[in-house]
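Student: Sharing a sequence plus its predicted fold:
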Amino acid sequence: MIWCPRCEQGWVVKCRVVGTEETFGICEECDTVWAAEEPSSRPPFTILDEYMEKFGKAPLWSNLERLEKGTETAS
C-alpha cells in the first residue's frame, strides 16, 4: 500500500470493479483513482465518480472489490 500523494490522508489500495477485470489504485480517503500509473500528486488521475461512469455503475465502494487490505480491514 502507498500513502496517497494527492490528499496525504489515506492509503491507496488495489481494487477491481465488480463484474470486470478492471483493476486500479484508489485512495481510501479522497477517492482518487489511478488506473494505469503509479500514484502521484500529478495527473493522470481521476476521481471515482468519473471513473465509474465508463462502467455505468454508481461511484460506490460497494461496486468495488478490494484486492488488498486497507487500514480499516488490516489486522
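Tutor: Perfect, thanks for sending it.
Student: For the protein, give me the ranges with low pLDDT.
Tutor: Within the chain, the stretches with pLDDT under 70 are 37, 70-75.
Student: what's across from the residue most central in space within it in the sheet?
Tutor: The chain has Ile26 as the residue nearest its centroid, 1.6 Å off, counting by CA atoms, centre = their mean. Bridge pairing for Ile26 (DSSP bridges) gives the partners Val13, Val33.
Student: Spit out the contact partners of it.
Tutor: 12-13, 15, 32-34, 48, 64 (CB atoms under 8 Å, 6 or more residues apart in numbering). Using the backbone N, CA and C atoms, a C-beta is placed for each residue, glycine as well.
Student: Which one (most neighbours) among those?
Tutor: Of all the contacts of Ile26, Val12 has the most neighbours under the rule other CB atoms under 10 Å, reaching 25 neighbours.
Student: Tell me how far that residue lies from Tyr51.
Tutor: Distance, Val12 to Tyr51, by CB to CB, to the nearest Å: 14 Å.
Student: Distance of the residue lying closest to Thr23 once chain neighbours are set aside relative to Cys7?
Tutor: Once flanking residues are discounted, Thr23 sits nearest to Arg16: 4.9 Å by CB to CB, 6 or more residues apart in numbering. The gap separating Arg16 from Cys7 is 22 Å, by CB to CB.
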